[in-house]
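Trainee: no FASTA, just this:
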Ligand SMILES: O=C(O)c1cc(=O)[nH]c(=O)n1[C@@H]1O[C@H](COP(=O)(O)O)[C@@H](O)[C@H]1O
């Protein structure tokens, strides 16, 4: 297996060339209906093909949400495989949003499923949950390093319920989310131009200046659009780390489909707003 260039380096280049926007491929049943499609495998396929066609040659990252494909069983997963391959072939990096997390021995199998170069669902990076203990992710970290892939580890999620776990204080006085960030900073130490082990940090969370967000890795920031955050919020939320933020928008773009031009225009508006917000820094 010949490894790819490390994910962090590939992502930095893609962000420099295309801007940092990540568009989600989230085929909600309600969006299929809004697009005039049936809530079935044919509708799913049409939806994901359209998003890939509209976006993969221009955005840095596409993030398919696996659940919306798994809903249709093996035929849905086949559609997901195709979307991943086509998006990567057209030049986008693919972050598989499957939020996997399990005891280490099982985590190794999840890692094989998404991070082994020969796996049908191989993706440039995978979202994972550290809430079985950060160390349980070790097999995924190791295989990602071997393959030139990356991880996005849930640290401070965009949903209001996340705080009950992530803000919990440990005996050393640090909270759980901050501990996840510290693990990632250690993982990325010395990597240039950017480490491959990113954190998920919601754009909805307000001022995060009490957190050490400078993990020398990417920060995937969902919550823009449908969840209420805007590109203009990014500098205030992320401070100096905003340069490493990969802002994700899913429904905020997807609701403009099925017209390819309208989807592209919507993504461009978000991309422009993100650029303006970063330039104002
Ligand atoms: O890991 C994620 O991508 C994620 C983490 C998080 O904290 N919050 C969050 O919304 N997400 C995902 O980001 C996407 C947000 O979608 P929209 O709210 O439609 O833009 C969904 O696919 C969520 O599953």
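Mentor: Received the coordinates, thanks. Because the structure is a prediction, the values reported are computed rather than measured.
Trainee: Give me the packing partners of whichever strand or helix holds residue 77, helices and strands only.
Mentor: Per DSSP states H and E: residue 77 is located in helix 73-89. Packing partners of helix 73-89 (3 or more CB pairs under 8 Å, 6 or more residues apart in numbering; DSSP states H and E): helix 41-55, strand 61-64, helix 67-70, strand 93-100. Glycine gets a C-beta too; all of them are placed from N, C-alpha and C.
Trainee: is the ligand contacted by the longest one?
Mentor: No. Helix 41-55 is not in contact with the ligand by CB under 6 Å from any ligand atom; minimum separation 12.5 Å.
Trainee: quick one: contacts of that helix?
Mentor: 23, 25, 27, 31-32, 35, 37, 62, 64, 68-69, 72, 75-76, 79-80, 82-83, 86-87, 90, 92, 254, 257-258, 260, 263-264, 267 (CB atoms under 8 Å, 6 or more residues apart in numbering).
Trainee: just how off-centre is that helix within its chain?
Mentor: 19 Å (CA atoms, centre = their mean, to the nearest Å).
Trainee: mind listing what's buried in it?
Mentor: Buried positions in helix 41-55, judged by neighbour count with 16 or more other CB atoms under 10 Å: 41, 43-48, 50-52, 54-55.
Trainee: try stretch 182-190
Mentor: 182-185, 187-188.
Trainee: how about JSON lines for those, with pLDDT added?
Mentor: As requested, the buried residues of stretch 182-190 are exported to JSON lines (pLDDT from 0 to 100):
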{"residue": "182", "pLDDT": "98"}
{"residue": "183", "pLDDT": "98"}
{"residue": "184", "pLDDT": "98"}
{"residue": "185", "pLDDT": "98"}
{"residue": "187", "pLDDT": "98"}
{"residue": "188", "pLDDT": "98"}
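Trainee: Could you pick out which of those are located in helices?
Mentor: Counted as lying in helices by DSSP state H, out of the buried residues of stretch 182-190, are 182-185, 187-188.
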